[in-house]
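1. Need coordinates for the below:
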Amino acid sequence: KIQSCQQLLPQVHEVRDKHLRRKQILASASFKMVQGYSVGKPSFSVVAPGNCQFGDDWASTALKKVEQISADTKVFTFATPDTSKPLNLPTCGCMLAQGGADAEGNAFIRPYTPVSTNSMVGEFELMVKIYPEGNLSQHMNTMKVGDSLNFKHIKFNVKKQYPFGVANVAMLVGGTGITPMVQALHAILGNPEDNTKVNMLYGSQVADQILAEQVLADWQAAYPDQLSVTHVLSGEPKDSAWTGERGFITEDLMAKHFPGPKEDLNIFVCGPPPMYNALCGAREEAELSGVLAGMGYTAEQVTKF
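-> This is a model prediction of the structure:
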């Protein structure tokens, strides 16, 4: 028995050292919150659908804080209708935001998924890229603390729910499509009993426009056995220092980084319409087409956010 215990000691020490390294990395990530915006540590705060503070009708709520996190991206912190409670949005769920108006007086509407979780009480955070032609994002860019924006949450905005029920989650992400993936990662990595492995292919235009880049780097360093992130840049200058993948997300990249169609997995997809069309078919179409269908994956293995 003594010999058996001695044989187990290296494994015990390995587990202990792994947890110590993870705590050190996440402590460093928390420190970055003082220096600038950070999502922070993964937080397991899963709530079942039907409990969100926003419902089928538009409700107005006030802007509490704005943080510039990159040249074209801001994090907007809004109050919840009942500031004594969390938002209680289901995992990966999004809300519809309404504000501003066109020349005919029609309000701009766009879906957003918070980067904050239900561990935050009385407020929630939206990471918004300010597009030159983005009507609602341009309106939000002019908002001041105390201004209001309308929100609602409908059943259509509820997609894949935790627990995801598979051994592997593969993520195909483009631009602002990262936000529901951050929510999924909060649930997976924030639950110490969840061993789901996640492989992400994340397409952006240039290196300095990668949303949530530091968050993903911190989490990948803290959970190297669970999370792998590969960035793919389509517009990075040829003479830049970038040494990662270039171009677009291709079949070759998916075959290299994702489990095959015979494995126990689900593929989460969120990005611009051309990305859906090329890789899996339009977001509103239940059937699967595009590159993923050609690789042998099934519609049941793909979730379009």
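2. Phe305: what's it in contact with?
-> Applying C-beta atoms under 8 Å, 6 or more residues apart in numbering, we find Phe305 in contact with Cys92, Cys94, Thr113, Lys159, Lys160, Gly177, Pro180, Phe268, Val269, Cys270, Arg283. Using the backbone N, CA and C atoms, a C-beta is placed for each residue, glycine as well.
3. how close does the fourth one sit to Ala207?
-> As judged by C-beta to C-beta, to the nearest Å, Lys159 and Ala207 stand 29 Å apart.
4. Could you pull out the strands in the stretch 201-305 of the chain for me?
-> With strands called from DSSP state E, counting those that start in this stretch, the stretch 201-305 of the chain shows them at 227-233, 245-246, 265-270, 302-304.
5. Note down every partner strand of the last one and its orientation.
-> Partner strands for strand 302-304, per DSSP bridges, with pairing direction: strand 265-270 (parallel).
6. Now do the strand it pairs with: everything it contacts.
-> Taking C-beta under 8 Å, 6+ apart as the rule, strand 265-270 contacts 92, 160, 164-174, 177-181, 184, 258-259, 275-276, 279-280, 292, 297, 301-305.
7. For PyMOL, write the select line for the buried members of those.
-> Remark: buried members of the contacts of strand 265-270, expressed as a PyMOL selection using 16 or more other C-beta atoms under 10 Å:
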select buried, resi 92+160+164+166+168+169+170+171+172+173+174+177+178+179+180+181+184+258+259+275+276+279+280+292+297+301+302+303+304+305
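8. Sort out for me which of the contacts of strand 265-270 are in helices.
-> Ile178, Thr179, Pro180, Met181, Ala184, Met275, Tyr276, Leu279, Leu292 (DSSP state H).
9. which non-adjacent residue is nearest the last one?
-> Distance criterion C-beta to C-beta, 6 or more residues apart in numbering; nearest residue to Leu292, sequence neighbours excluded, is Cys280 at 4.8 Å.
10. how about whichever strand in the chain runs longest: buried residues?
-> Longest strand of the chain, by residue count under DSSP state E: strand 59-70. For strand 59-70, a neighbour-count test (16+ other C-beta under 10 Å) marks Thr61, Leu63, Lys64, Val66, Ile69 as buried.
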